[in-house]
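1. any chance you can model this:
(chains A and B)
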Amino acid sequence: MKKVIALLLAFLLLMAAVPALGEGTLRVGMECGYAPFNWQQTNESEFTAPIADGSGYADGYDVQIALRIAQALDMKLEIVKTEWEGLIPAVISGNIDLIIAGMSPTAARKATLDFTDYYYQSELVVVVKKDGAFADAKSLDDLSGAVICAQLNTFHDTVVEQIPGVIHDMPRENFPAMIVALKSGAIDGYIAERPGAEADVMANPDLTYIMFDAGKGFTASDDDTAIAIGLQYGSPYKDAINELLSAISDDERVQIMLDATARQPLVTE
Amino acid sequence: MTNLPTTFFSWVQFLLDKYGEMFLRGTWVTLLVAMTGTVLGFALGLLVAILRTIPLPKSSKWRQLPLRALHILLNVYIEVFRGTPMIVQSMVIYYGSMMVGIIGRGTPVLPAAIFIVSINTGAYMAEIIRGGIISVDVGQKEAATAIGMTHWQAMVKVVLPQAVRNIMPSIGNEFVVNIKDSSVLNVISLNELYFTGKGAAGTYGRYFESFFIIACIYLILTFTVTRLLRLIERKMDGKKNYTIYGSQSDSQSSIKVSEEAEEA
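-> Predicted structure coming up:
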């Protein structure tokens, strides 16, 4: 019994005594499960960054941006694979320096989190079944009467209402869940961003996605459709990152995204 | 791109080929956290249970004060850690201590996860053990006190061994619950089995196949653990040809009138 208590105390002390990380490491948080923005793989390559506790390597558009930032700041990059809900507490507590996880700088998040400039601007599309009633839709009006859903806790859920006569189904937690709902017929379509939709359609050939004609798609503020890097208010990295981002042109961003999409596990099989 | 799997099981095979190593790693992390967390939580629960059963000194009301304060503290601990979700506890403890500077940034997640699971389990275990102690005949404690044992000796040498044997199924339950609930620790970046499966599902867009693999692994883990605990129970019971009279854990310990006795 006494040995057990001693062991317990030793554990607590061990945890408290662990020294803070060396200054040269940049810790970036992401979910690593959302190709082509961020994903996890077992093999290393020149495009990957190591995941903090040794469970593989991360790759994707977000990782490419992180690598460029780490290079500019002359720091070593480490990816901290964290579940979405834990990302904001992680950066507030200082466990990670940046959130590069496809997070949009919404007004609600800005209350606790500071954001850099956008590092990607995406296009909203609707993923539907290839043989479904809405496969040939070209504008929001064409989707009238459809059962549409979006991801929980994202701005996607707010744009669903822009479809006239839509049946707004309850939000799902993640994209795999929405794919299941679509395939089973529970919904007619779900909202996604173009790169993600591209990946989903590649894995599921019975699905396709609708790109709207110019001006006929969803209206969303820039702050909602673009993604930015989250950091603490007063972070020393903000200016350096903004400077770096302004040097990456839109064309270059599209190219990085296309390269990442070409590298993602589904395509390389 | 042309040789992507098409059927359910070919996708399962595919995911195992690609992610097998990571699934194994996640399984190991889950098992380590659950096992260590349950064992340490059990020890913590034992300690708390023993402290709660210390008899109040009969001399004066003032002498009782420190013990009453301890009881209140322990009750608060149990209520708080049973009454709040482990996911909230994990974020408050891990990120909260980081914010006030108790632990540095980048503190390894594994010891933190084990710590969190232990404290959480300790609260549940304290109540389970209390139930076990109640189930032991009060005569045991009285007899132990009568022959001069201190409270600590009586508890550790007489009451608890019997109580623990009675509550083994509940302990097995807690272990199984911890194996599955360790998945909520993915919010503090613990790369356990569920989080790995979610990563695989998200990367390849295959929800059913990935979580089918994960479910099977969880099933194997919990099944093995419950069987092992059953084995430990049998060891605690001792040999079959020796029955403890009046034992509440053994159904065969009633007195049977045998044929020979009747003839005599």
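
2. low-confidence stretches in the stretch 151-269 of chain A?
-> A:224, A:266-269 (pLDDT under 70).

3. and the strands in it?
-> A:167-168, A:189-193, A:207-210, A:226-231 (DSSP state E, counting those that start in this stretch).

4. which among those strands is found nearest to residue B:60?
-> Among the strands of the stretch 151-269 of chain A, the nearest to residue B:60 by C-beta to C-beta is strand A:226-231 (59.5 Å). Heads up, the C-betas are built off the backbone N, CA and C, glycines and all.

5. which strands and helices sit next to the closest one?
-> In this structure, strand A:226-231 packs against helix A:84-93, strand A:98-99, strand A:114-121, helix A:238-246, with contacts taken as 3 or more C-beta pairs under 8 Å, 6 or more residues apart in numbering or on different chains; DSSP states H and E.

6. mind putting the strands of the stretch 151-269 of chain A into TSV with mean neighbour count?
-> TSV is the format used below for these (neighbours: other C-beta atoms under 10 Å in any protein chain shown):
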stretch	mean neighbour count
strand A:167-168	14
strand A:189-193	26
strand A:207-210	20
strand A:226-231	24
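
7. distance to residue B:156 added to those, as a markdown table?
-> Shown next, in a markdown table, are the strands of the stretch 151-269 of chain A (distance: least, C-beta to C-beta, whole Å):
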| stretch | distance to residue B:156 |
| --- | --- |
| strand A:167-168 | 61 |
| strand A:189-193 | 59 |
| strand A:207-210 | 63 |
| strand A:226-231 | 52 |
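
8. so for residue B:186, which of these sits nearest?
-> strand A:226-231 (18.6 Å).

9. for the closest one, which outside residues touch it?
-> If you take C-beta atoms under 8 Å, 6 or more residues apart in numbering or on different chains as the criterion, strand A:226-231 is touched by A:65, A:69, A:87-88, A:91, A:97-105, A:109, A:113-122, A:237-238, A:241.

10. buried among those? Need that as a selection in PyMOL.
-> Here is the PyMOL command that picks out the buried ones among the contacts of strand A:226-231, judged by 16 or more other C-beta atoms under 10 Å in any protein chain shown:
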select buried, chain A and resi 65+69+87+88+91+97+98+99+100+101+102+103+104+105+109+113+114+115+116+118+119+120+122+237+238+241
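
11. ends of stretch B:135-151, what's the gap?
-> 18 Å (C-alpha to C-alpha, to the nearest Å).

12. quick one: the helices in the stretch 1-150 of chain B?
-> Along the stretch 1-150 of chain B, the segments classed as helices by DSSP state H, counting those that start in this stretch run B:8-52, B:61-83, B:86-99, B:109-135, B:138-146.

13. now the ones you listed as a markdown table including mean pLDDT?
-> What follows is these, written out as a markdown table (pLDDT from 0 to 100):
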| stretch | mean pLDDT |
| --- | --- |
| helix B:8-52 | 91 |
| helix B:61-83 | 91 |
| helix B:86-99 | 93 |
| helix B:109-135 | 94 |
| helix B:138-146 | 92 |
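
14. buried deepest among these, which one?
-> helix B:109-135 (a mean of 22; mean count of other C-beta atoms under 10 Å in any protein chain shown).

15. mind checking how far it is from the chain centre?
-> 6 Å (C-alpha atoms, centre = their mean, to the nearest Å).

16. dig out what the nearest residue to residue A:128 once chain neighbours are set aside forms beta bridges with.
-> Closest residue to residue A:128 in three dimensions, ignoring its sequence neighbours and counting by C-beta to C-beta, 6 or more residues apart in numbering or on different chains: residue A:189, at 4.1 Å. Taking DSSP bridges as the rule, residue A:189 bridges to residue A:128, residue A:148.

17. now residue A:189: how far from chain B?
-> 16 Å (C-beta to the nearest C-beta, to the nearest Å).

18. got the residues of the stretch 51-200 of chain A near chain B?
-> For the stretch 51-200 of chain A, the residues in contact with chain B (C-beta under 8 Å from any C-beta of the partner chain) are A:51-53, A:55-56, A:80-83, A:85-86, A:89-90, A:92-95, A:174-177, A:179-180, A:199-200.

19. what about burial for these, which qualify?
-> A:51-53, A:55-56, A:80-83, A:86, A:89-90, A:92-95, A:174-177, A:179, A:199-200.

20. what about residue B:216, how many residues nearby?
-> Look at residue B:216: counted by other C-beta atoms under 10 Å in any protein chain shown, it has 11 neighbours.
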